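Q: Pasting the sequence and the predicted model now:
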Amino acid sequence: MLDYIFFDLDGTLTDPALGITNSIMYALKKMGREIPPREELYFFIGPPLVKSFMEYCSIDEEEAYDAVKKYREYFSVYGLFENDPYDGVYDSLEKIKSSGKKLCIATSKPEEYTLRILEKFDLLKYFDFVCGASMDEKRSEKADIIKYALETTGCKPDDAIMVGDRLHDIQGAKKCGVRSVGVLWGYGSREELEEAGADYIVNDFSELNDVLHGLE
């Protein structure tokens, strides 16, 4: 029985591109790095920031944590609200909620920021639980977030499904024995989601609702 729907936030419920990339640009400038075209920074959307900075800047973990601190100087004040809910998200969440399902945010974004974003865009009312990363980045991998969400909600893996736009959402769900839905309006391609092993892939919120309804 499908009782719990776990939702990613960035690239799934809201489009965070402007705020995240502005924050990355701010951090890179503080680090004395060249500022690339915005589109090159989209791969930062979804994965844990420490790993992304290590990969993009070819730096060690200690330097990456410092980069995240710089990132948050901008993001915590401006970046988190440079964000837009996707068209159709409110209607979709209302229908899922009214069907009796429990909704949970499962995001690699720190909980503190996640709650502020959900409140700002009037999305918090749809969610029974909000599970995010810790500010120290010790809980940031998607599998750890989903495990945390399972523990917080008290549900079994078979009773939940993860909805997200990137391979990390799909792979994290698989590690936890949770089914997954990949969405194509975010920052992951169909090929990425298929290779990660998504159980379902949907083009829009209408298809998402149909899939979830069919699993009742």
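A: Okay, I see it.

Q: Every contact and neighbour count from this point should use C-alpha atoms.
A: Fine.

Q: Flag the shaky bits of the protein, pLDDT-wise.
A: The model of the chain has pLDDT under 70 over residues 216.

Q: What helices and strands are in contact with the lengthiest strand in it?
A: Secondary structure of the chain per DSSP state E: the longest strand is strand 102-110. The contact analysis (3 or more C-alpha pairs under 8 Å, 6 or more residues apart in numbering; DSSP states H and E) places strand 102-110 against strand 4-7, strand 129-133, helix 142-153.

Q: could these go into TSV alongside mean neighbour count and distance to Met162?
A: Below are the helices and strands packed on strand 102-110 laid out as TSV (neighbours: other C-alpha atoms under 10 Å; distance: least, C-alpha to C-alpha, whole Å):
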stretch	mean neighbour count	distance to Met162
strand 4-7	24	5
strand 129-133	23	13
helix 142-153	20	8
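
Q: Is it possible to get a markdown table of the ones you listed that adds distance to Gly32?
A: Supplementary listing: these in a markdown table, determined by distance: least, C-alpha to C-alpha, whole Å:
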| stretch | distance to Gly32 |
| --- | --- |
| strand 4-7 | 36 |
| strand 129-133 | 28 |
| helix 142-153 | 30 |
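
Q: Could you work out the end-to-end span of stretch 121-134 for me?
A: With C-alpha to C-alpha, to the nearest Å as the measure, the first residue of stretch 121-134 is 22 Å from its last.

Q: State the separation between it and the centre of the chain it belongs to.
A: On the basis of C-alpha atoms, centre = their mean, to the nearest Å, stretch 121-134 is displaced by 11 Å from the centre of the chain it belongs to.

Q: Give me the residues contacting that stretch.
A: 85, 90, 93-94, 97, 102-111, 114-115, 118, 139-140, 145, 148-149, 152-153 (C-alpha atoms under 8 Å, 6 or more residues apart in numbering).

Q: Stretch 4-22 now?
A: 38, 41-42, 44-46, 74-75, 78-86, 89, 101-107, 149, 155, 159-165, 169, 183, 185-187.

Q: ditto for stretch 156-164
A: In contact with stretch 156-164 (C-alpha under 8 Å, 6+ apart) are residues 1-9, 11-12, 150, 169-170, 173, 176-183.

Q: Put the buried members of the residues you listed into a PyMOL selection.
A: This is how PyMOL selects the buried members of the contacts of stretch 156-164, with burial counted by 16 or more other C-alpha atoms under 10 Å:
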select buried, resi 2+3+4+5+6+7+8+9+11+12+150+169+170+173+176+177+178+179+180+181+182+183
